[in-house]
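**Student:** build me a structure from this.
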Amino acid sequence: MTFLVIIIILALVFDYINGFHDAANSIATIVSTKVLTPFQAVLWAAVFNFAAFFIAKYWIGEFKIGMSFAKSINSHFITLPVIFSALVAAIAWNLLTWWFGIPSSSSHTLLGGFMGAALAHVGGFSEGGFTVINYKVVLPIFAFIFGAPLIGMFVALVITLIIVNLCRKANPYKAESWFRRLQLVSSALFSLGHGSNDAQKVLGLIAAAMVAGGKLDNVSHVPDWVPLACFTAIGLGTMSGGWKIVKTMGTRITKVTPLEGVAAETAGAATLFLTEHLGIPVSTTHTITGAIMGVGATKRLSAVRWGVTINLLWAWILTIPVSMILAAIVYYIVRLVM
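**Tutor:** Numbering: from 1, shown residues only. So this is what the prediction gives:
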C-alpha cells in the first residue's frame, strides 16, 4: 500500500514537471508576439489545461488517451516496480532536457520508461520480451512521432495561406489588432488539447498502478479523484513556466507574428483534438514545433532555422531509447533493494 501511494505521488510530480516542461508549447508564440506577458500567459494556459478535465469528463465522456496509454504494456507484465522505474526515468529525462532548454516529449519519455522497465522485468527481448509490448497501441504512437509534427506543419501552412489570402486587402493595423485578440482564443484551444492529451497519460499510469496494487479490477474503473488530481497537477506545473524552452520555441525556430501565432496554435489544437478522438497519445511538443515550422515555411524556407530543428529532431529520436535504458537501470536497482 505504501509503495502504491509513493508511485501515485511520483506520478503527480511527473505531471507537474510535465506542465512546466511543456508550458512553452502553449505560451511560446503568445509571449514572443507580446500579446500577453509571461505571467499572464502561463496563468491563461494553466486555466485551460485544467478546464480540459471537464471537457473530457462531461462532454467527451471518457478518457480515451489515458486508457490507451495504460494498455501500452500487456497487463500481466505491469508491476509496481515497473511503474516506479518508468516514472523515475521519465522525471530524470524531463529535468535534463528542461535544463538544456530542449523541447523533448514528456509523453514519449514516459512511454519509453514504461517499455524499458517492463522489458527489464522479463529479462529483455531474448526472454520473450516481444510479448510485453501491446503493439496495437504502441505502433500508432511511434508512427505519430513523425506524423504529429508533419500534420501540424501541413495544417499550419494551409491555415496561414488561407488567412493571408483572405486578409490581403485588410488594413494592416486593424488586422494586427484582430489577430492579437484571436491569439488568445487559439492559445486557449491549444492549452485545452495539451491538458487533455498529457494529463491523461499520467491518469493511465496511475490507473495501471492501482490495478497492479489490487485497488482496481480494471483501468477503465478509475475513480474521479485520479483525473481531477492529474489535471490539477499539470495546470499548476504550467503556471510554474519553463522559460528556457519558451525561448527555443518562441524565437529560435522562426520569428512569429500574431497572425502566424494564431495559425500555429490553431493547427496544433486541431491535431491534438484529432488524435484524442482517435485515442492516440501524441507529443504536444512535436505537434506545436511542426506547426511553428509550417507557418515559417509560408514566408520562405530560409525563415525556418533548420539547424535548430535538426537538433530538436535528434532529441526526439533519442527520447524513447534513452528513457528505456534509464528505466531498465532503475528497475534493476529497485529489484536489488527490494
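
**Student:** CA only for contacts and neighbour counts going forward, please
**Tutor:** Noted.

**Student:** quick one: least confident helix or strand in the protein?
**Tutor:** helix 243-247 (a mean of 50; mean pLDDT, DSSP states H and E).

**Student:** could you identify the helix or strand that succeeds that one?
**Tutor:** helix 258-278 (DSSP states H and E).

**Student:** check the offset of that following helix from the chain's centre.
**Tutor:** What separates the centre of helix 258-278 from the centre of its chain is 13 Å, taken as CA atoms, centre = their mean, to the nearest Å.

**Student:** with just CA atoms, put it into CSV.
**Tutor:** Coordinates of the C-alpha atoms in helix 258-278 are reproduced here as CSV (Å, rounded to 0.1, in the frame of the first residue of the first chain):
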residue,chain,number,x,y,z
PRO,A,258,0.3,37.3,-34.2
LEU,A,259,-1.2,36.1,-37.5
GLU,A,260,1.3,33.2,-37.6
GLY,A,261,0.7,32.5,-33.8
VAL,A,262,-3.0,32.1,-34.5
ALA,A,263,-2.3,29.7,-37.4
ALA,A,264,0.3,27.6,-35.5
GLU,A,265,-1.8,27.3,-32.3
THR,A,266,-5.0,26.5,-34.2
ALA,A,267,-3.2,23.9,-36.3
GLY,A,268,-1.6,22.4,-33.1
ALA,A,269,-5.0,22.3,-31.4
ALA,A,270,-6.7,20.7,-34.4
THR,A,271,-4.1,18.0,-34.5
LEU,A,272,-4.4,17.3,-30.8
PHE,A,273,-8.2,17.1,-30.9
LEU,A,274,-7.9,14.7,-33.9
THR,A,275,-5.5,12.4,-32.1
GLU,A,276,-7.6,12.5,-28.9
HIS,A,277,-10.6,11.4,-31.0
LEU,A,278,-8.6,8.5,-32.3
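
**Student:** buried residues in it, which are they?
**Tutor:** By neighbour count with 16 or more other CA atoms under 10 Å, helix 258-278 contains the buried residues 258-273, 275-276.

**Student:** pLDDT weak spots in the stretch 151-300 of the chain?
**Tutor:** Filtered on pLDDT under 70, the stretch 151-300 of the chain yields the residue ranges 241-256, 299-300.

**Student:** please, where are all the helices along it?
**Tutor:** With DSSP state H, counting those that start in this stretch as the definition, the stretch 151-300 of the chain shows helices at residue ranges 172-212, 225-240, 243-247, 258-278, 284-297.

**Student:** check contacts around residue 149.
**Tutor:** 286, 287, 288, 289, 290, 291 (CA atoms under 8 Å, 6 or more residues apart in numbering).

**Student:** now do residue 259
**Tutor:** Residues near residue 259 by CA under 8 Å, 6+ apart: 160, 163, 176, 179, 180, 183.

**Student:** just those residues now: which is nearest residue 63?
**Tutor:** Distance to residue 63 across those (CA to CA) is lowest for residue 183, with 27.5 Å.

**Student:** so what's the closest one closest to, chain neighbours aside?
**Tutor:** Computed as CA to CA, 6 or more residues apart in numbering, the closest residue to residue 183 that is not its neighbour in sequence is residue 262, at 4.9 Å.

**Student:** how far away is that neighbour from residue 220?
**Tutor:** Residue 262 is 36 Å from residue 220, where distance means CA to CA, to the nearest Å.

**Student:** same thing with residue 172?
**Tutor:** 51 Å.

**Student:** which one's more surrounded, these two?
**Tutor:** With neighbours defined as other CA atoms under 10 Å, residue 172 and residue 220 compare such that residue 220 has more, 16 against 11.

**Student:** make sure that one is actually in contact with residue 67.
**Tutor:** Yes - using CA atoms under 8 Å, residue 220 makes contact with residue 67 at a distance of 6.6 Å.

**Student:** show me where the stretch 1-150 of the chain has its helices.
**Tutor:** Going by DSSP H, counting those that start in this stretch, the stretch 1-150 of the chain shows helices at 2-21, 23-32, 38-54, 64-70, 80-99, 106-122, 135-166.

**Student:** with distance to residue 238 added, can I get those in JSON lines?
**Tutor:** Below are these laid out as JSON lines (distance: least, CA to CA, whole Å):
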{"stretch": "helix 2-21", "distance to residue 238": "4"}
{"stretch": "helix 23-32", "distance to residue 238": "5"}
{"stretch": "helix 38-54", "distance to residue 238": "5"}
{"stretch": "helix 64-70", "distance to residue 238": "20"}
{"stretch": "helix 80-99", "distance to residue 238": "13"}
{"stretch": "helix 106-122", "distance to residue 238": "13"}
{"stretch": "helix 135-166", "distance to residue 238": "22"}
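
**Student:** weakest of the ones you listed in terms of mean pLDDT?
**Tutor:** Ranked by mean pLDDT, those bottom out at helix 23-32, with a mean of 71.

**Student:** next, the angle helix 284-297 makes with that helix.
**Tutor:** 30 degrees (axes from the mean of the first three to the mean of the last three CA atoms, to 10 degrees).

**Student:** what helices or strands is helix 23-32 leaning on?
**Tutor:** Contacts defined by 3 or more CA pairs under 8 Å, 6 or more residues apart in numbering; DSSP states H and E place helix 23-32 against helix 38-54, helix 172-212, helix 225-240, helix 243-247, helix 258-278, helix 284-297.
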